[in-house]
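Enquirer: Build me a model:
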Amino acid sequence: MKIGILQTGLVPENLSEEHGEYPQVFMNFLAGNRFDFETYSVVRGEFPSGPEAADGWLITGSRHGAYEDHAWIAPLEDLVRGAFAAGKPVVGICFGHQIIAQALGGTVEKFQGGWAVGPQVYDLNGAQVTLNAWHQDQVTSPPKGAITVGSNDFCAHAALLYPGQAYSVQPHPEFSDAYTKGLIDTRGPGIVPQNILDDADAKIGTPLSQKALADQFALFFREGRIA
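Expert: Numbers count the residues shown, from 1 in each chain. Alright, predicted model coming up:
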């Protein structure tokens, strides 16, 4: 099965040498599922010929906001809608979660409650999971047809299921402790309030539910379901 990775952001330069760019991070995250991958750097204006170019699509995270005025946003939304129309499964993470919702008529906003950083606990599809997060934007109003399957007190729509069509999550299940620590130390200061960074730093090492999410993504790509 060929998965097209739609790269919507760039790993900070000081972290990319150790951890790789987002596509490599996701290839590692989904390793062992016998997927083939092809990457399209949509953040640089590189797009596939259409939704039929892959069997499924994965949209990465980004430092950009889904509501920002970038030339690649509208074509990406068109591709999302095209994938739905073509019956191609779509998985979105953080920005990917947001752009899918926005493309289908939902609302994405800079959350007035501030930032979620580091290990966070979510109720996800009837189970408790812990995943690293790094976001201020949120889906505040899901589109018609989306089912909220994950949430916590800070993020009401932390995971959305579009039955048989898409599955998206606000946190970053692909983020390791080392990568999140790197963000806390080098990208967060001056952007994220220091007390939030300190709290996140103190929680680094909390056991994460990464495999559970990798398994869900793989199952969704193959069978259009998460359980």
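
Enquirer: show me the contacts for the residue nearest to the spatial centre of the chain.
Expert: Centroid-nearest residue in the chain, with Cα atoms, centre = their mean: I93, separated by 0.9 Å. By Cβ atoms under 8 Å, 6 or more residues apart in numbering, I93 lies in contact with 58-61, 168-169, 172-174. (C-beta placed from N, C-alpha, C; glycine too.)

Enquirer: P143 now?
Expert: Neighbour list for P143: 101, 104-106 [criterion: Cβ under 8 Å, 6+ apart].

Enquirer: Of the residues you listed, just the buried ones, PyMOL syntax please.
Expert: Listed next is the PyMOL selection for buried residues among these, using 16 or more other Cβ atoms under 10 Å:
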select buried, resi 101+104+106
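
Enquirer: going on from the least confident helix or strand in the chain by mean pLDDT, what's the next piece of helix or strand?
Expert: Every helix and strand in the chain was compared by mean pLDDT, DSSP states H and E; the lowest is helix 13-19, with a mean of 79. Toward the C-terminus, helix 13-19 is succeeded by helix 22-29 as the next helix or strand (DSSP states H and E).

Enquirer: Neighbouring strands of the very next helix or strand once past that next one in the sheet, and parallel or not?
Expert: Remark: after helix 22-29, the chain's next helix or strand is strand 36-40, criterion DSSP H and E. When sheet partners are counted by DSSP bridges, strand 36-40 sits next to strand 2-6 (parallel).

Enquirer: What are the buried residues along the strand it pairs with?
Expert: Using 16+ other Cβ under 10 Å as the test for burial, strand 2-6 gives 3-6.

Enquirer: picking that back up, please identify the buried residues of the least confident helix or strand of the chain?
Expert: Within helix 13-19, the residues that count as buried by 16+ other Cβ under 10 Å are 15, 19.

Enquirer: From here on, call the first residue 48.
Expert: In the new numbering, first residue 48, that becomes helix 60-66.

Enquirer: which residues are contacting it?
Expert: The set of residues external to helix 60-66 that reach it, using Cβ under 8 Å, 6+ apart, is 57-58, 72, 223, 225-226, 229-230, 233.

Enquirer: Redo these as CSV? Include pLDDT and neighbour count.
Expert: Listed next are the contacts of helix 60-66 as CSV, based on pLDDT from 0 to 100; neighbours: other Cβ atoms under 10 Å:
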residue, pLDDT, neighbour count
L57, 88, 16
V58, 84, 23
V72, 94, 21
S223, 95, 16
A225, 94, 11
Y226, 94, 20
G229, 94, 19
L230, 95, 22
T233, 90, 12
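
Enquirer: Just give me the closest of these to Y169.
Expert: S223 (17.8 Å; Cβ to Cβ).
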